[in-house]
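In: Just to be clear, the model below is a prediction. Sequence and coordinates:
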Amino acid sequence: MFELRNVEKRYPGVHVLKGVDFSVGDGEIVGLVGENGAGKSTLMKIIYGAVQHDAGDVLVDGENVHFRNPRDAMKRGIGMVYQEQSLIPNLTVMENIFLGFEEPFVYFGSINWRKMAAAARKQLEKVKLNISPSTLTSKLTFAQRQLVELAKVLTLEERTEGKLVILLDEPTSVLSKEEIDLLFTLVKELRRRASFIFVSHRLDEIIELSDRIYVLKDGVVVDTIDGETANAADIQKKMVGRDIHSQYYREDRQSSFDKNNVLLELEHVTIAGRGNDVSLALHAGEVIALLGVEGSGREPILRTIFGMQKPEKGTIKIRGEPVNAFSAARSVAHGIAYVPRERKIEGIASGMNVFENMTLSQMKNYSWGGILKVPSERALARDWIHRLSVKVPSENTDCGNLSGGNQQKVVLAKWRSGGSDIILLDHPTRGLDIGAKEDVYDMIRDMSQDGVGIILVADTLEEAIGLSHTIAVIRDGEIRQWFTCLPGSKPSPFDLIQHMV
Amino acid sequence: MRRHFPWITLVCGLLLVGLTDVRFLSPANLLGLATDVAPLLIMAIGITLVIYIGSIDLSSQSIANMTTVLTTIALPAFGVVSGVLVVAAGFLCGAISGMVTTRFKVPSFISTLAVGGIALSIGQYASGQQALHMDTVQRQQAFGWLLGKTAGIPHELMAAIIVALLAWFIQSHTIAGRIFKAIGTGEPVAVASGIHVERYKILAFALSGMFAAMAGVMFSVRLSGGSPTLAEGFLLPAIVAVLVGGTPLTGGVGGVASTVIGTMIVAVVRASMIYFNIPATGQQIFFGIVLIVAIASTIDRSKMLTVK
Amino acid sequence: MSTLLTADMIRKWAPVLVLIGLVLLFTTINPHFFSLRNFARITISSTPALMVAVGVTFVILMGSIDLSMEGTIAVCAVLFALILNIFGGSISGIGWLAIPGALLAGAFLGAVNGIVHVQLKIPSFMASLSLGFIGIGLSLLITGGNRILIDDPVFRSLLTFRIMGFPLMVYAALLCLMVAWFIQDDTVIGRNFYAVGGGEDLARASGLNVGRLRIIGFTLAGIFYALGAIFAVARLGIAETETGRNFMFTSITSVVVGGTALRGGSGGVWSTLVGVLIVNVIGNGMVVTGLPDYFQDGVLGILVIFAVYLSTDRRSLSFIK
């Protein structure tokens, strides 16, 4: 029996978990769902000990515990099957299974491989995987690796007293239908040995497998649903159901775009390594939102348009001209701008001041024969600080010291001042507080009015609906459905979700 | 505070040695001290540019060694142009390091080590593994301008100051310098801003090779000859000068002006060792420790996800 | 799949093929190359190099790098000679204490290196480079720049006593290689080196104390450098600061050329043996075929660039410093 009571977690500027109660009974399979940013991953990290909670209690069999690291959690029988591969590819299967716990097989400093192999075989039997324990992990298929991960976690059974709690983080994202069925059968059988916490974006799978489902939203458990009676639409409603009026997204400022002025065209483009076929046309003044679940392939489309990835097939046309060379430099020269999701890594150079950041993409315009004209750089920065009301002491301030909202304004100023008219926005409001978000929404409307074409990957469903003229729903890398979003007759989240999952 | 630490160290060092012997602080002595480190300063400035973009150059010493040999050999045939030729050769060596680093994705400490090995071989081959000597007349004709004094200031020092000013200008007033800074503070941002990052990285390495060659020319003129081991012992003090001056291994801050201060600190430390009767062999140990302390206290750990 | 497998196989066996090719090449140019006497010469020059390269292999397996070997070797060689001469000048007497003395010194310097790298969070190439300089300074301080001669016949029998044409030190080095192989393949520490090299974050998530492991790796490397120092002294009969010269570049070249990737996690001591042989065959072959040996640095420079280039998975790396 594992329980969280009134658990709180804060990061600087964000209240991630607001008094979460959560419990898992013996042999129970509990589902955990929530939108991106709802606090799921933080909650999981607290459970398996990677992050420490600020307040509240974590109880194992009624006893208050405090995990300092994942190893502490393992000692109490709590294990994690990671979504990203956590197996080390250059080690054998058995080495991975017993990594960090090799002592029982060591005799006079030497590892007894035969004993380890026998023990590993026993673990592999638990997950019904018939492979040699001395296989190199890199030679396994994704599904096999997933099972080895599970086997690795199940070694806790021999090492701890009491029952296990196993977290499964998006275990099905890389598996085929048959493999998923196999995994689910296995999990159901294993409930004799362990309880499971199952995290997934695929609601149908959550419903199929779970006894109970926790719905997390904005750091709060909004509902606990019985797995027997749950249905996907209900859960989805609870995950997103937010009551925000259209004013928030400046829908009154949404004007129609110029259908005759095509800025960017993708014709049957295949994104590297995805085997898909994407076609779209972006018009002056239009906002296209790419909508899909995490990993559906929205970001690779943006990065391909920006030239950071080369498409395998198809043509990209900018203002009717087909593009031949692919590089970020070429795209910038053609007036494409990219506002990245990782603002602190790709957006803002902290350590450089405001004007240096603003001219980074357009130094040619502020120099003569390779020599910079610093006064005109400063004048530009002052102008845009004023235009976008960036809260900053002067243009000499280090951008690393600005708030997220002001950093985002600097990034947008960089592109706008350089005359970019095709702007790719990747989660432009991620990590911003409400006021700063509204500023970004205003800027998007301003840009539309100036005839800029925008492709948006939004943070939330409502944001996408509220801001865009057109929505492309993406699943598995392909555009599945187009929606037109005229103010007043916007599609509802539920119309869109059907096509997303 | 950290920003002011280098020059405070310099002043304290000067005062400390000055207290034991006031003559140390006489302008003539200080001038001599500065002139003495002129080649080191030039080499350190080159290395600064590479460290400024967050890489490292370990080839400078070997390039300088090679240059002393090549200058001496080329002098009879080309006169002053030999200096230009070898500086171009240094530029080329650096460019090769840069290309290997960016195009082949070989870590810079390995690529520069390897190019250093190649430069060393060239130096050994060209010299036949012997110390070569310049003809006094030819040296005077071609490089006499480097040897005299004007208004009491040695021309070597002036040349070093001019080179330093040039490098400072590149760093703070040109597109290339701004891009170096951007690469040092956040390479992904530079890429996502549409900058040809690879080209500019190669340029930084090439400039470093060029400055190392300049240091070599100056050194061989000073000693009137060349040998593949002439500039031995330059690498450690040059890197120390860069790091003590305040350009961290992670790049992005500090720069040429910092390195000028750093080189002066190195010069004062060297001189003080003589004043305090510390054997010259102790110098290397001391600089090694200083290097570790300087790296540890200036490095920006937020830029390193894992420390390998 | 089968084409992939063969590509893998080619990559794995390429160094051996290169070695065979070089031997054939030099033999064609000068048949004297292919003789027992010459092979003995190659193995003698390889012996100290092998120990040093094996030491740094452990570090590189973890994805770190160690550039301190020249200093460590200098200190160990000088200390070894000093202790030997103080305790009667022969390892048949209590002079044998010089061996554990040198190994201890190597372990100590290696440990300091590891601790500076891990605790001060300084990249290993810079931490070890600094410590290498300090080591050279230390050895200069100890010797005052002088040479220490060793004329103990018992100790020199490492070079002079021959079995089947090869001197004793070659067999001793092979024994050390076996020990290194055992550490690499059959101890928890050795396997954990691979784990760290294969994925440091993942290893940490599995509860490995990566910092401690790094320090152990550098310590182990230091011990092998000390072994290299002892063999180097045995080979020349002289201990001095210069004893460590050139080991940094050649040992790293050997490791990389042998097929151990700089990113860590693949390769091992056997690859390093092949790499050391390649480097020494080139050195010897250049002399035998009449090329000046100082070309070696240049050839090795090109070789190392080429080897790193071939072993780098460029898709997985976005930014190289």
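Out: Good, I have the coordinates. Note that the coordinates shown come from a computational prediction; the quantities given were computed from them, not determined experimentally.
In: Could you report the pLDDT at A:Leu36?
Out: I think there's a mix-up here, since residue A:36 is Asn and not Leu. We note a pLDDT of 68 for A:Asn36 in this prediction.
In: Then A:Ile244?
Out: A:Ile244 is given a pLDDT of 54.
In: Would you check how far apart A:Arg114 and A:Ser134 are?
Out: Distance of A:Arg114 to A:Ser134, computed by CB to CB, to the nearest Å: 10 Å. Using the backbone N, CA and C atoms, a C-beta is placed for each residue, glycine as well.
In: Show me which of those two is the more surrounded one.
Out: A:Ser134 (13 against 9; other CB atoms under 10 Å in any protein chain shown).
In: mind checking the SS state of that one?
Out: coil (DSSP: H, G, I helix; E, B strand; the rest coil).
In: my guess is it meets A:Met94, correct?
Out: Yes. The pair A:Ser134 / A:Met94 is scored as a contact, 6.4 Å apart, by CB atoms under 8 Å.
In: Overlap of the contact sets of the two?
Out: Taking CB atoms under 8 Å, 6 or more residues apart in numbering or on different chains as the criterion, A:Ser134 and A:Met94 both touch A:113, A:117.
In: what does chain A put close to chain B?
Out: Neighbours of chain B within chain A, by CB under 8 Å from any CB of the partner chain: A:306, A:308, A:327-333, A:338, A:340, A:342, A:345-352, A:356, A:359-361, A:363-364, A:367, A:370-372, A:374, A:414.
In: Contacts for stretch A:133-145, please.
Out: With CB under 8 Å, 6+ apart, stretch A:133-145 has contacts from A:85, A:87-94, A:96-97, A:113, A:116-117, A:120-121, A:124, A:129, A:131, A:148, A:174-176, A:179, A:182-183.
In: So which of those sit within strands?
Out: Among the contacts of stretch A:133-145, DSSP state E puts none in strands.
In: Check the residues you listed one by one and keep those near chain C.
Out: Near chain C, by the rule CB under 8 Å from any CB, you find A:87-91, A:113 out of the contacts of stretch A:133-145.
In: now, the most widely separated pair of these?
Out: Farthest apart among those by CB to CB are A:Pro89 and A:Trp113. That separation is 19.4 Å.
In: for the residue in the stretch 151-300 of chain A that chain C sits nearest to, helix, strand, or coil?
Out: Going by CB to the nearest CB, chain C is nearest to A:Lys152 of the stretch 151-300 of chain A, at 8.4 Å. Recorded secondary structure, A:Lys152: helix (three-state DSSP).
In: Burial check on it, number of neighbours?
Out: 23.
In: cool, C:Ala232 as well?
Out: Neighbours of C:Ala232 (other CB under 10 Å): 26.
In: before we move on, what about B:Leu223?
Out: 17.
In: Can you report how many residues neighbour the nearest residue to it once chain neighbours are set aside?
Out: Leaving aside its chain neighbours, B:Leu223 sits nearest to B:Leu230 (6.6 Å; criterion: CB to CB, 6 or more residues apart in numbering or on different chains). Burial of B:Leu230 is recorded as 26 neighbouring residues (other CB under 10 Å).
In: Unless I misread the structure, B:Leu230 falls within a helix.
Out: No. Under three-state DSSP, B:Leu230 falls outside any helix and is assigned coil.
In: Now do the same contact list for it.
Out: Going by CB under 8 Å, 6+ apart, B:Leu230 touches B:64-65, B:68-69, B:131, B:216, B:219-220, B:223.
In: longest single helix anywhere in chain B?
Out: helix B:197-223 (DSSP state H).
In: any idea how far A:Ser403 is from A:Asp439?
Out: 11 Å.
In: Comparing the two, which residue is more hemmed in?
Out: A:Asp439 (20 against 15).
In: quick one: that one and A:Lys409 touch, right?
Out: Yes. Using CB under 8 Å, A:Asp439 makes contact with A:Lys409 at a distance of 7.0 Å.
In: where do the contact lists of these two overlap?
Out: A:Leu388.
In: Name the residues that touch stretch B:277-294?
Out: B:236-237, B:239-240, B:243-244, B:266, B:269-270, B:273, C:116, C:120, C:122, C:126-127, C:130-134, C:136-138, C:140-141, C:144-145.
In: Filter these down to the buried ones.
Out: Buried by 16 or more other CB atoms under 10 Å in any protein chain shown: B:236-237, B:239-240, B:243-244, B:266, B:269-270, B:273, C:116, C:122, C:126-127, C:130-134, C:136-138, C:140-141, out of the contacts of stretch B:277-294.
In: which residues sit in contact with A:Leu461?
Out: Applying CB under 8 Å, 6+ apart, the residues near A:Leu461 are A:35, A:240, A:291, A:493, A:496-497.
In: List the buried residues of the helix ranked longest in chain A.
Out: Longest helix of chain A, by residue count under DSSP H: helix A:434-449. If you call a residue buried by 16+ other CB under 10 Å, then helix A:434-449 has these buried ones: A:436-441, A:443-448.
In: So which of the contacts of A:Leu461 wins on neighbours?
Out: Going by other CB under 10 Å, A:Leu291 tops these with 28 neighbours.
In: who does it bridge with?
Out: A:Val473 (DSSP bridges).
In: shouldn't it be in contact with A:Ala472?
Out: Yes. The criterion here is CB under 8 Å, and A:Leu291 meets it with A:Ala472 at 6.8 Å.
In: Find the closest residue to chain C in the stretch 101-250 of chain B.
Out: Closest point on the stretch 101-250 of chain B to chain C, by CB to the nearest CB, is B:Ser121, at 3.0 Å.
In: wait, what's in contact with that residue?
Out: C:294-299, C:301.
In: Contacts only, for A:Asp21.
Out: A:4-7, A:221.
In: Pairing partners for the helix or strand that contains it, with directions?
Out: According to DSSP states H and E, A:Asp21 maps onto strand A:14-24. Paired neighbours of strand A:14-24 in the sheet (DSSP bridges): strand A:2-11 (antiparallel).
In: Stretch C:63-80: how far from the chain's middle?
Out: Distance of stretch C:63-80 from its chain centroid, counting by CA atoms, centre = their mean, to the nearest Å, is 10 Å.
In: If you could redo that for stretch A:311-331, that was the one I meant.
Out: For stretch A:311-331, the separation from the chain centroid amounts to 27 Å (computed by CA atoms, centre = their mean).
In: do stretch A:332-348 as well
Out: With CA atoms, centre = their mean, you get 18 Å for stretch A:332-348.
In: Contacts only, for the residue in the stretch 101-250 of chain B positioned nearest to chain A.
Out: Nearest residue of the stretch 101-250 of chain B to chain A, counting by CB to the nearest CB: B:Gly194, 2.8 Å away. Listed by CB under 8 Å, 6+ apart, the contact set of B:Gly194 reads A:327-333, A:361.
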